[in-house]
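[1] Would you be able to build a 3D model of this:
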Amino acid sequence: MWANILQEGIVGGNKPKTEGKPWRGGCVAGEYRLLESTSKPFRFQESPPQGLENMPRKPSHLMPRPAFTLMELLLVVAILAVLIGLLLPAVQKVRERANQVACQSHLGQIGLGLGQYSLANEGLPAGFQSKVVNGQETGPGWGWATELLPWVDQGVVDQKIDRSVSPLDVKNEPFRKHKIKIYLCSSDPGPEYWDIQLPQPSVQPGAPAEEPWGAFQQSTEMIPSRYIGLCGTTPVDKPGNGLLYRNSRVRPRDIDDGESHTLLVAEKASWVSTAVWHGMLPGVEVQPSTVRAPGLGGAGPHYDGQEHNAERKAHPAAWAISRVDQPLDSQPQPVDGLGSSHSAGMNAVFADGHVQIINTKAALAVLQALATRAGGELVDD
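    Residues are numbered from 1 along each chain as shown. Purely as a prediction, here's the structure:
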């Protein structure tokens with residue numbers, strides 16, 4: 001058909017009479033048409049099928065679109081779950097590392113403050129201040145962390161504390177729950193406050209039951225401390241061979257083993273036992289912690305299968321100071337012992353102010369050598 005059109009209309013020169021208008025050849029619906037114009041080149045055009053020119057089109061939002069199948073959706077969810085499972089341990093490690101760095105920073109500030117205190121007062125503060133009458137601690141009991149307050153930007157608290165009475169006296173009640181950030185560790189899972197069972201006074205024979213005591217408070221809440229002073233290897237209620245003990249005043253020249261080889265303050269995690277920054281609490285024995293031990297849902301890194309002994313108690317001095325009597329990986333730790341919630345080890349500050357991580361697998365002999373000030377032991381750096 002196109003050959004005939006070309007032959008008759010173009011080659012043969014037989015153009016129909018259209019009075020100067022463009023002409024069309026072979027105009028049949030559904031077929032290609034050849035258009036000619038005196039001013040435009042030839043072009044082809046396709047006509048729609050008959051009967052479909054005016055047919056309405058379906059709106060675009062009703063047109064079918066591609067979508068996920070159930071299997072594809074489940075596959076995406078499974079991939080996301082795997083990725084989250086891979087990333088979560090890494091996030092936890094980063095968070096723990098940040099907490100450990102913050103803990104080291106707190107101990108660094110404590111070490112710096114104690115160094116400045118030592119220079120200003122010609123010796124370190126006492127582990128705690130107390131008198132002993134008939135074998136009993138009579139207080140007042142304020143400890144090394146309280147003496148450090150002016151040196152760690154807590155001068156206002158230091159000025160308002162009444163040191164003539166114990167931390168348990170009603171005069172000092174506002175400070176029992178006063179939080180001091182540098183005495184806390186972010187990794188420790190312990191409670192925000194310790195519930196302290198207060199000693200009950202005995203009524204003298206023949207005195208009225210309501211006089212002179214009246215109502216007496218049974219318990220109180222106190223803010224904890226995650227750091228403890230080291231008295232050495234001796235019991236906490238005895239004169240220590242370390243740096244902080246009852247009424248102590250250790251000078252730099254008394255540290256024969258060297259300041260860089262003598263422990264000053266270390267971590268005491270809540271799973272070991274309770275501790276407070278205020279000092280020794282007269283008449284209140286330190287109870288075993290209610291926080292789960294490592295391996296039993298707690299945060300500590302090691303556990304050998306032994307349960308905490310509910311009968312374990314310690315002298316009131318253990319609120320402020322601890323001794324080195326067991327390896328760090330020994331479980332359960334003594335109530336007046338040491339321990340950390342960090343998986344990498346226990347942070348500690350030495351007498352020269354440097355902070356170091358003590359491996360939980362360190363030998364007991366090494367720990368005891370570091371805890372004493374004049375033992376003469378040789379310890380590798």
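
[2] so where's the stretch 51-200 of the chain uncertain?
    51-67, 200 (pLDDT under 70).

[3] what about the helices in it?
    70-121, 144-147, 155-160 (DSSP state H, counting those that start in this stretch).

[4] and the ones you listed, which is most packed in?
    helix 144-147 (a mean of 26; mean count of other Cβ atoms under 10 Å). Every residue, glycine included, has its C-beta placed from N, CA and C.

[5] what's the distance between that helix and the middle of its chain?
    25 Å (Cα atoms, centre = their mean, to the nearest Å).

[6] Would you mind pulling the contact partners of it?
    Outside helix 144-147, the residues within contact range by Cβ atoms under 8 Å, 6 or more residues apart in numbering are 114, 117, 124-128, 158, 161, 163, 183, 225, 227, 229, 244, 277-279, 320-321.

[7] likewise stretch 113-131?
    137-144, 147-148, 151-152, 229, 231, 240, 243-252, 264-265, 279-280, 282, 317, 319-321, 352-353.

[8] Just the buried residues from those, in PyMOL please.
    A single PyMOL command selects the buried members of the contacts of stretch 113-131 (16 or more other Cβ atoms under 10 Å):
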select buried, resi 137+139+140+141+142+143+144+147+148+151+152+229+231+240+243+244+245+246+248+250+264+265+279+280+282+317+319+320+321+353
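
[9] still on that earlier bit, looking at the helices of the stretch 51-200 of the chain, which is closest to residue 357?
    Ranking those by proximity to residue 357 (Cβ to Cβ) places helix 70-121 first, at 7.9 Å.

[10] how close does residue 251 sit to residue 124?
    8 Å (Cβ to Cβ, to the nearest Å).

[11] typo on my end, it should be residue 164
    Distance from residue 164 to residue 124, by Cβ to Cβ: 22 Å.

[12] Between the two, which is the more surrounded one?
    residue 124 (25 against 11; other Cβ atoms under 10 Å).

[13] and the nearest residue to residue 167 once chain neighbours are set aside, what does it touch?
    The shortest distance from residue 167 to any non-neighbouring residue, by Cβ to Cβ, 6 or more residues apart in numbering, is to residue 278 (3.9 Å). By Cβ under 8 Å, 6+ apart, residue 278 lies in contact with 141, 142, 143, 145, 146, 167, 172, 175, 176, 222, 319, 320.

[14] check contacts around the closest residue to the last one other than its chain neighbours.
    Just to be clear, that refers to residue 320. Spatial nearest neighbour of residue 320, excluding adjacent residues (Cβ to Cβ, 6+ apart): residue 143 at 3.6 Å. Shown in contact with residue 143 (Cβ under 8 Å, 6+ apart): 126, 127, 128, 129, 229, 277, 278, 279, 280, 319, 320, 321.

[15] Return the closest of those residues with respect to residue 292.
    So of the contacts of residue 143, ranked by how close each gets to residue 292 (Cβ to Cβ), first place is residue 319, at 21.4 Å.

[16] And the closest one, how close does it get to residue 282?
    For residue 319, the distance to residue 282 - Cβ to Cβ - is 10 Å.

[17] overlap in contacts of those two?
    By Cβ under 8 Å, 6+ apart, the residues touching both residue 319 and residue 282 are residue 141.

[18] Below-threshold pLDDT in the stretch 201-350 of the chain: ranges please.
    Checking the stretch 201-350 of the chain against pLDDT under 70 turns up 201-217, 293-311.

[19] give me that answer again for 80
    Scanning the stretch 201-350 of the chain for pLDDT under 80 picks out 201-218, 290, 292-312, 331.

[20] mind listing the helices in it by residue range?
    Going by DSSP H, counting those that start in this stretch, the stretch 201-350 of the chain shows no helices.

[21] So which residues of it form strands?
    For the stretch 201-350 of the chain, the strands defined by DSSP state E, counting those that start in this stretch cover 219-222, 227-230, 263-267, 321-322, 346-350.

[22] Same list (those strands) but as CSV, adding distance to residue 365.
    Output for the strands of the stretch 201-350 of the chain, formatted as CSV (distance: least, Cβ to Cβ, whole Å):
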stretch, distance to residue 365
strand 219-222, 35
strand 227-230, 16
strand 263-267, 14
strand 321-322, 18
strand 346-350, 17
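
[23] and residue 106, which of the ones you listed is closest to it?
    Using Cβ to Cβ, the nearest of the strands of the stretch 201-350 of the chain to residue 106 is strand 227-230, at 7.4 Å.

[24] just to revisit the earlier point, could I get the contacts of residue 143 as TSV with distance to residue 333?
    Formatted as TSV, those follow (distance: Cβ to Cβ, whole Å):
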residue	distance to residue 333
126	25
127	19
128	21
129	26
229	16
277	20
278	22
279	21
280	20
319	16
320	17
321	15
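
[25] Just give me the closest of those residues to residue 90.
    Distances from residue 90 to the contacts of residue 143, taken by Cβ to Cβ, are shortest for residue 277, at 34.4 Å.

[26] so who does residue 339 touch?
    267, 268, 269, 271, 272, 300, 328, 333, 346.

[27] how about the nearest residue to it, chain neighbours excluded?
    Per Cβ to Cβ, 6+ apart, closest to residue 339 is residue 272, 4.0 Å.

[28] again, but for residue 142
    residue 279 is the one closest to residue 142 (Cβ to Cβ, 6+ apart), at 4.4 Å.

[29] Could you report the separation of that neighbour from residue 78?
    56 Å.

[30] same deal with residue 370?
    51 Å.

[31] I'd say residue 344 and residue 99 touch.
    No - the pair residue 344 / residue 99 is not scored as a contact, 10.5 Å apart, by Cβ atoms under 8 Å.
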